[in-house]
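S.K.: please find the sequence and the predicted model below.
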Amino acid sequence: MTRSFFARDSRAVAPDLLNKLVVRGERVGRIVEVEAYCGSEDPASHAYRGRTPRNATMFGPAGHLYVYFTYGMHFCANVVCGTDGEASAVLLRGLTPVAGLAEMRAHRPLARSDRDLCSGPARLAQAFSLDRTLDGADLVIADRGLSIEDDGTPPPPAPGVSARIGVSAGAELPWRFYVRGAVGLSRKG
DNA sequence: ACCGGGATGTTCT
DNA sequence: GAACATCCCGGTG
């Protein structure tokens, strides 16, 4: 994808990311669920209370990956959006496994089925081996072998929209977007 | 199928 | 010292 694709408000980028591909070597997944986080205007965003060492990548230029560690054991991955200094991002929450499933399984030994390889933000991070070493990777130039690609499949004309999952502050904001009925959603829908 | 609780440690108050 | 953009397992129905 181009830099300008990401350099918009995360609430605009999020639905446009649906049906795009996450590519890392043999591993490929189609994006079916995302959430937008909007910097200073969003109480659920890590950037709400300003810049810290942890969220520094969010404040940088668009098109880079922001990876954070949570619950003492999980990584989650965001795509940085907006303009430099703005701190808006899109959380990747669910992918349909497309290729490289054997490699994904190897990194997700506890997954009950292939449907669960990438059906959640920490699950897909595990399946694609996304950790701290990927924080800041430039997705536009396939930095560290990771990129987001367009295979010509358009986003759904009418995506599912709901409140974001697992947040307390800003719980009412409808900034989760998903492909209805897709394999790899973090919840049935 | 659905629900409840424990794991585990970084980050910020 | 509390909260945390979660996951997994084992219980029950």
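M.R.: Right, received. Where do you want to start?

S.K.: enumerate the residues of chain A near DNA strand B.
M.R.: Contact residues, chain A versus DNA strand B (Cβ under 7 Å from any atom of the strand): A:49, A:52, A:53, A:54, A:55, A:69, A:70, A:71, A:72, A:73, A:188. Quick note: C-beta positions are derived from backbone N, CA and C, even for glycine.

S.K.: quick one: the helices in chain A?
M.R.: Using DSSP state H, the helices of chain A run over A:3-6, A:10-17, A:101-107, A:121-127.

S.K.: re earlier: for the residues of chain A next to DNA strand B, which one is nearest residue A:21?
M.R.: Ranked by distance to residue A:21 (Cβ to Cβ), the residues of chain A next to DNA strand B are led by residue A:188 at 23.3 Å.

S.K.: number of nearby residues for that closest one?
M.R.: 5 (other Cβ atoms under 10 Å).

S.K.: so what's it scoring on pLDDT?
M.R.: Residue A:188 carries a pLDDT value of 89.

S.K.: how about residue A:68?
M.R.: The score at residue A:68 is 96. That number is its pLDDT.

S.K.: which residues does it bridge with?
M.R.: Applying DSSP bridges to residue A:68 gives these bridge partners: residue A:76.

S.K.: pretty sure it sits against residue A:76.
M.R.: Yes - using Cβ atoms under 8 Å, residue A:68 is in contact with residue A:76, at 5.9 Å.

S.K.: centroid-nearest residue for chain A?
M.R.: Closest residue to the average C-alpha location of chain A: residue A:92 at 1.8 Å, with Cα atoms, centre = their mean.

S.K.: spatially nearest residue to it, not counting backbone neighbours?
M.R.: Nearest residue to residue A:92, sequence neighbours excluded (Cβ to Cβ, 6 or more residues apart in numbering): residue A:77, at 5.2 Å.

S.K.: touching, the one you found and residue A:129? I think so.
M.R.: No - counting by Cβ under 8 Å, residue A:129 is not a contact partner of residue A:77; they are 10.8 Å apart.

S.K.: same drill for those two, tell me which one is more crowded.
M.R.: Comparing residue A:77 with residue A:129 by other Cβ under 10 Å, the one with more neighbours is residue A:77, at 25 against 17.
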